[in-house]
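Asker: Sharing a model prediction with you, sequence too.
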Amino acid sequence: MGILEVKNVNKRFGGLQALGDVNLSVEENTVHAIIGPNGAGKSTLLNVLIGKLIPDTGSVMFDGQSVLGRKPYEICQMGISRVFQTPEIFGDLTVLENMMIPIFAKRDGAFQMNAIGATVNEKNVIEQAEHMLESLNMADKRHFHSASMSRGDKRRLEIGMCLSQNPRLLLLDEPTAGMARADTNNTIDLLKQIKDERDITIAIIEHDMHVVFSLAERITVLAQGSPLVEDTPDKIKGHPKVREAYLGESA
Ligand SMILES: Nc1ncnc2c1ncn2[C@@H]1O[C@H](COP(=O)(O)OP(=O)(O)OP(=O)(O)O)[C@@H](O)[C@H]1O
């Protein structure tokens, strides 16, 4: 039994079957990639996994509890954290201030923007944020204006912000989209480091096959809303059904 269990999930948008009979089991402490051609249903599935979309039928269980219908903070409290396609950081704040946000939110149950302005006496929060930045190799950038950083560094910061909530499951939606190759490779290395250092399960949606094959231990291929194959990277690489589904995309 996986830490994340998706059973018989169907989701229609009007006449379009975006997800059809999706069954997926993600084993604890593995990196599981979900790939598939454009329109295959990957983002729809991710939105179901974080409770944002309620499927027409089926169940999604995380560690034995249903995620369906839960509010974002409840999903977070359950131990699920999501990194979006576009980095969700506050561009006007410094790197350190951004890193303090999830630490405040975890401590206080919610985050008030004015908490950032009243940090003089928040030694503990600052220390935790600095510690996280050190583990991300970003300590020297702590006073940088976040908006001015490279896409790779913004992503690194955002992943760190997720980690400071101690998730058991990290969901990544195309974490290297729009990145230069060097930033992509840095992100791969960061995710490997996180995997080595923590007990964490990572589910990743990704178009870049270099990223997928560098990280994934299991791969589920979605096509037209349904799982086509699920296997190890080696088996997926040469799978005729996968090549057919991609029709010219680099599988
Ligand atoms: N809110 C919505 N309303 C109507 N149709 C939708 C909605 N969201 C997604 N779809 C449709 O559902 C199908 C699956 O979309 P989805 O975005 O999940 O695919 P994807 O695999 O993530 O694609 P991509 O790789 O291009 O991001 C597509 O045909 C899409 O147009």
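Answerer: Thanks, I have it.

Asker: how near is the closest residue to the ligand within the stretch 51-200 of the chain to residue 157?
Answerer: The stretch 51-200 of the chain approaches the ligand most closely through residue 174 (7.6 Å), counting by Cβ to the nearest ligand atom. C-beta coordinates here come from the backbone N, C-alpha and C atoms, glycine included. Going from residue 174 to residue 157 by Cβ to Cβ, to the nearest Å gives 17 Å.

Asker: So which of those two has more stuff around it?
Answerer: residue 157 (24 against 20; other Cβ atoms under 10 Å).

Asker: what's near enough to touch that one?
Answerer: If a contact means Cβ atoms under 8 Å, 6 or more residues apart in numbering, then residue 157 has 87, 89, 95, 98-99, 136, 138, 146, 149 as its contacts.

Asker: Now do stretch 88-97: everything it contacts.
Answerer: Applying Cβ under 8 Å, 6+ apart, the contact partners of stretch 88-97 are 98, 101, 116, 119, 126, 129-130, 133, 138, 141-147, 149, 154, 157-158, 161.

Asker: Selecting buried members of these in PyMOL, what would you type?
Answerer: With 16 or more other Cβ atoms under 10 Å as the criterion, this PyMOL line picks the buried residues out of the contacts of stretch 88-97:
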select buried, resi 98+101+116+126+129+130+133+138+141+142+144+146+149+154+157+158+161
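
Asker: Considering only the contacts of stretch 88-97, which also neighbour the ligand?
Answerer: With Cβ under 6 Å from any ligand atom as the criterion, no member of the contacts of stretch 88-97 is in contact with the ligand.

Asker: for stretch 150-158, what is the average pLDDT?
Answerer: If you average the pLDDT over stretch 150-158, you get 91.

Asker: Mean pLDDT per helix and strand in this structure: which one sits at the bottom?
Answerer: One helix or strand of the chain scores below all others by mean pLDDT, DSSP states H and E: helix 114-117, with a mean of 60.

Asker: Thank you, goodbye.
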